[in-house]
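Participant: pasting the sequence and the predicted coordinates here, then a few questions.
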Amino acid sequence: MLRDTMTNNRLSLFCLVDGEAASNAFPVDIMPSKTIGDLKDLIKTKKAPRFDDVAADELTLWHVSVPDDDDDDLPISLGSVPEKKKLKATSKLSQVFIGELPDDTIHVIVQ
């Protein structure tokens, strides 16, 4: 089932650090008019102190669609994701995440 991920004009994305278990996925709420660069800033803040020694612009974000299934203790590696797209800092979120996003899905992998 699909859900409205742009409720109240905000986009709700589930993100996961590369190599972590799906149970560590975390939501980030952001306006669709913002850029991938803005999303990097929010992820860096939300995952403190994990990324304290990394500048936000050094994070690499990947657009994925990985189901969050019952094996949520198994690590998810970017290399095991067949369909992925590296995101450019200058792209607007509304150009990348179009329409409704599926429930129970990881949308972004962070490297």
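Facilitator: Nice, thanks for sending it over.

Participant: host element of residue 27?
Facilitator: Secondary structure from DSSP states H and E places residue 27 in strand 26-30.

Participant: what sits up against that strand?
Facilitator: 10-16, 38-39, 42-43, 46-47, 93, 108 (Cβ atoms under 8 Å, 6 or more residues apart in numbering). C-betas here are computed from N, CA, C, even on glycine.

Participant: could you rerun that using 10 Å?
Facilitator: Identification of contacts with strand 26-30 by Cβ atoms under 10 Å, 6 or more residues apart in numbering yields 5, 7-8, 10-17, 20, 38-39, 41-43, 45-47, 93, 97, 106-108, 110.

Participant: for PyMOL, what selects the buried ones among these?
Facilitator: Filtering these down to the buried ones (16 or more other Cβ atoms under 10 Å) takes a single PyMOL command:
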select buried, resi 5+11+12+13+14+15+16+17+20+38+39+42+43+47+93+97+106+107+108+110
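
Participant: give the pairing partners of the strand holding residue 27; include direction for each.
Facilitator: strand 11-17 (antiparallel) (DSSP bridges).

Participant: fine, thanks again, bye for now.
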